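*Asks:* I'll drop the sequence and a predicted model, then ask my questions.
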Amino acid sequence: MAFSFRRTTGLPKALLATTTLVSLLPLCGHALAADQMQIMERQIQAMQAQLSSMKKEHAEEVKRARAVLAHQREEAENNPYGQRSKMIGRPQSDSKIHTGGITIASMLAPPQTASTPYGQITGTPPAHSSLYGPLRRGQIQVGGVRITLGGFAEAATMFRSRNTASDISTGFNAIPWGNNAAYHMNEFHQSERQSRLAALVEGKITSKLEADAYVETDFQGAGSASNSRQSNSYVLRARLFYGELKDQADDLQILGGQNWSLITMFNKGMSARDEQIPLSIEAQYVPGFNWTRNSQVRIVKGFDNSRYHVGLSIENPSAVPTGTPYEPTGTTVTYKESGANVNNPDTYYATDVAPDIVTKFAADPGWGHYEVTGVMRFLHDRTSVLGGGQSHTSVAGGGGGALLLPLIKDKLYFQASGLVGIGIGRYGTSNIPDYSFNQNGSPHPLPEANVLLGLYGNPVKALTLYGYVGAETVRSRAAYNVNGKAYGYGNPLYNMSGCNTELSSLCAASGNVRTVAQATTGFWYNAFKGNYGTVRVGAQYSYTYVEAFSGVGGTPHTDDNMVFLSFRYMPFN
């Protein structure tokens, strides 16, 4: 483009130059704008190319992640207890797409049960679990709440030399006497009713305070339609159902609900699910074993890094009376009532007025476990006449202790426990009565004692052997006579002359049992233990001896030989 300038007459040269530059500015501005647009276009094109590259890279990353997740799902479906693939980062440039950024890690930690021998054969969830540890087999995590499943399925077989009409739980105090036809008949049954379902739910309330709830059920309840003739209809029952608050920093535990009584021996410390229960297949355990499972409110405090514990439990009472009180004409003694509403109408409920109070001190000084226990009870009834009456309360209770010694570490253990007092029959496994009656109708607590000795151990890892001897006894009679008629418990005037004569009615032995004793031995063997649970087989033999107080005609006794077999599958352990 060419430009021409014409001289203007009379204008200075400087003004002429300035005028020329101003006239050229619009043309230069258009040129600069064009250059900037070209630069921006090139930048946009570069950004578009970069964005396209990032989209491709992202698509490959998503494809790779989806492949890993699909592989994980496939592995979990095929083998949930095996190994899993886990993507821990972007693969390197030379990694293959289907393996890049992937490592192999264990899917679930091994299962864990209570540290007690009983917990290991029953799949009981642990007493001292970690809420922040790895998720274990048999556990589910829902937010901050961890659920641990437990229990087992059992096929059991039992043979008894006397027909007790029992299932897996024997009525030791009800073994038939020689006047009963059942004494002369043996008994064979198979049962699944001890099969157990359990679940522990745990969570943190604060950084120091934990809460848990535990439920344990089996099928040893019986409804009005329950039978063993065609289609068994035995009902689910609550063995244990309680909640806990645990302050780990202060070593303080508070429990409320149905649990093993605090009087029950512990394996270590004093925590729920750390109880030292006999290893028997027999669900009534062993005579001499002190226990109940009942509603309670309990507080336990630990000291010196949990080496020592003290506990107090307020427990639901249920006294066991025996015999018929003396009732003069016009007098009635009320000591039990039939169940009403949601209570069982086919059994009785004692007229209790106050809870049982149990206290315990436990020590774990480094070798062995040691306990001292006390219990206080309040037995109550009322004597009535037309227009009035009088209530009676008799204080009962006793004390005892227990110890557990590791004779050979992890191989052989010795345990011993005992309880002595008055009116403590309820806490023995044989259900010996708590009290009889004085002549005025008031409760007369029976003097009683229970003792249990045991040895158990693991000669090899998969085999547990055990043996127990135990006894429960009423130490003396509680009897009186009125107008030549015998009353009370163990009265020497009671007629025992027909206790060895079949179908004789002259036998008062069943209501005057003095001693129940048993020796038992057995084993548990891990037949299979793998990712999908444990299969255990067990066998037990026991000999039980029952003796009554002497009376007219002698001192009767009875006995029973029992054999139990068990096949248990524990899916969560």
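*Replies:* All right, it came through fine.
*Asks:* and Arg66, what element?
*Replies:* Arg66 belongs to helix 13-78 when assigned by DSSP states H and E.
*Asks:* so who does Ser228 touch?
*Replies:* His189 (C-beta atoms under 8 Å, 6 or more residues apart in numbering). Every C-beta, even on glycine, is put in place using the N, C-alpha and C of the backbone.
*Asks:* repeat the analysis, applying 10 Å as the threshold.
*Replies:* The contact partners of Ser228, by C-beta atoms under 10 Å, 6 or more residues apart in numbering, come to 167, 189-191, 193, 234.
*Asks:* now do Gly374
*Replies:* Counting by C-beta under 10 Å, 6+ apart, Gly374 makes contact with 263, 357-361, 397-401, 419, 421.
*Asks:* and the helix or strand containing it, how far out from the chain's middle?
*Replies:* Gly374 is located in strand 369-385, with elements delineated by DSSP H and E. Centroid separation for strand 369-385 versus its chain: 26 Å, with C-alpha atoms, centre = their mean, to the nearest Å.
*Asks:* helices or strands up against the next helix or strand after that strand?
*Replies:* Counting by DSSP H and E, the element after strand 369-385 in chain order, helix or strand, is strand 388-408. Counting contacts by 3 or more C-beta pairs under 10 Å, 6 or more residues apart in numbering; DSSP states H and E, strand 388-408 is packed against strand 332-334, strand 356-363, strand 369-385, strand 412-422, strand 435-437, strand 443-445, strand 447-460.
*Asks:* try 6 Å
*Replies:* Here strand 388-408 touches strand 369-385, strand 412-422, strand 443-445, going by 3 or more C-beta pairs under 6 Å, 6 or more residues apart in numbering; DSSP states H and E.
*Asks:* only the buried residues of that strand, if you could.
*Replies:* Neighbour counts over strand 388-408 (16 or more other C-beta atoms under 10 Å) mark 392, 394, 396-398, 400-402, 404 as buried.
*Asks:* can you check stretch 195-212 too?
*Replies:* In stretch 195-212, counting by 16+ other C-beta under 10 Å, buried: 195-202, 210, 212.
*Asks:* on that earlier part again, buried residues, the strand holding Gly374. List them.
*Replies:* By neighbour count on 16+ other C-beta under 10 Å, the buried set for strand 369-385 is 369-371, 373-384.
*Asks:* break this structure down into its domains, please.
*Replies:* 42-107, 117-570 (automatic domain parsing).
*Asks:* where in the protein is pLDDT low?
*Replies:* 1-32, 72-108 (pLDDT under 70).
*Asks:* give me that answer again for 90
*Replies:* Across the chain, residues meeting the criterion (pLDDT under 90) sit at 1-115, 126-144, 173-174, 207-208, 222-234, 248-249, 339-347, 409-410, 529-532, 573.
*Asks:* that one: helices as residue ranges?
*Replies:* All helices of the chain, identified by DSSP state H, fall at 13-78, 117-122.
*Asks:* beta partners of the closest residue to Asp212 other than its chain neighbours?
*Replies:* Closest residue to Asp212 apart from its sequence neighbours, by C-beta to C-beta, 6 or more residues apart in numbering: Glu202 at 4.3 Å. Taking DSSP bridges as the rule, Glu202 bridges to Arg146, Asp212.
*Asks:* cool, and Pro445?
*Replies:* Tyr435.
*Asks:* over to Glu472?
*Replies:* Beta bridges link Glu472 to Asn450, Val516, judged by DSSP bridges.
*Asks:* now do the contacts for it.
*Replies:* Applying C-beta atoms under 6 Å, 6 or more residues apart in numbering, we find Glu472 in contact with 287-288, 428, 430, 432, 450, 516.
*Asks:* the residues you listed: which two are farthest apart?
*Replies:* Spatial extent of the contacts of Glu472 (C-beta to C-beta) is set by the pair Gly288 and Ile432 at 11.2 Å.
*Asks:* switch the contacts of Ser228 over to JSON lines; also include neighbour count.
*Replies:* Putting these into JSON lines (neighbours: other C-beta atoms under 10 Å) gives the following:
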{"residue": "Asp167", "neighbour count": "20"}
{"residue": "His189", "neighbour count": "14"}
{"residue": "Gln190", "neighbour count": "12"}
{"residue": "Ser191", "neighbour count": "23"}
{"residue": "Arg193", "neighbour count": "22"}
{"residue": "Tyr234", "neighbour count": "19"}
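*Asks:* circling back to that earlier point, out of the contacts of Gly374, who's nearest Gln253?
*Replies:* Gln253 has its nearest neighbour among these in Lys360, at 12.8 Å by C-beta to C-beta.
*Asks:* just to check, that closest one is in contact with Ser261?
*Replies:* No - between Lys360 and Ser261 there is no contact, the gap being 10.0 Å when judged by C-beta atoms under 6 Å.
*Asks:* sheet partners, orientation included, of the strand holding Gly374?
*Replies:* According to DSSP bridges, strand 369-385 has the following sheet partners: strand 332-334 (antiparallel), strand 356-363 (antiparallel), strand 388-408 (antiparallel).
*Asks:* and these: which comes nearest Ser280?
*Replies:* Ranking the strands paired with strand 369-385 by proximity to Ser280 (C-beta to C-beta) places strand 388-408 first, at 16.9 Å.
*Asks:* residues contacting Ala49?
*Replies:* With contact set as C-beta under 6 Å, 6+ apart, Ala49 has no partners.
*Asks:* over to Ala182?
*Replies:* So Ala182 contacts 163, 176 (C-beta under 6 Å, 6+ apart).
*Asks:* could you do Gln258 as well?
*Replies:* 240-242, 295.
*Asks:* same question, Leu463
*Replies:* Tyr525.
*Asks:* hmm, back to that, nearest to Val460, of the buried residues of strand 369-385?
*Replies:* Looking across the buried residues of strand 369-385 and measuring by C-beta to C-beta, the closest to Val460 is His369, at 24.4 Å.
*Asks:* picking up where we left off before, what's the closest of the buried residues of strand 369-385 to Ile408?
*Replies:* Checking the buried residues of strand 369-385 against Ile408 with C-beta to C-beta, the nearest one is His369 at 15.9 Å.
*Asks:* so how many other residues sit close to Ile147?
*Replies:* Other residues near Ile147 come to 16 when the count uses other C-beta atoms under 10 Å.
*Asks:* ignore what I typed, I meant Met562.
*Replies:* Applying other C-beta under 10 Å, I find that Met562 has 23 neighbouring residues.
*Asks:* got a list of what it touches?
*Replies:* The contact partners of Met562, taken as C-beta under 6 Å, 6+ apart, are 160, 542.
*Asks:* picking that back up, and the contacts of Gly374 as CSV, adding distance to Met158?
*Replies:* Shown next, in CSV, are the contacts of Gly374 (distance: C-beta to C-beta, whole Å):
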residue, distance to Met158
Ile263, 28
Ile357, 37
Val358, 32
Thr359, 37
Lys360, 34
Phe361, 38
Gly397, 35
Gly398, 33
Gly399, 35
Gly400, 31
Gly401, 33
Leu419, 28
Gly421, 33
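*Asks:* all set, thanks.
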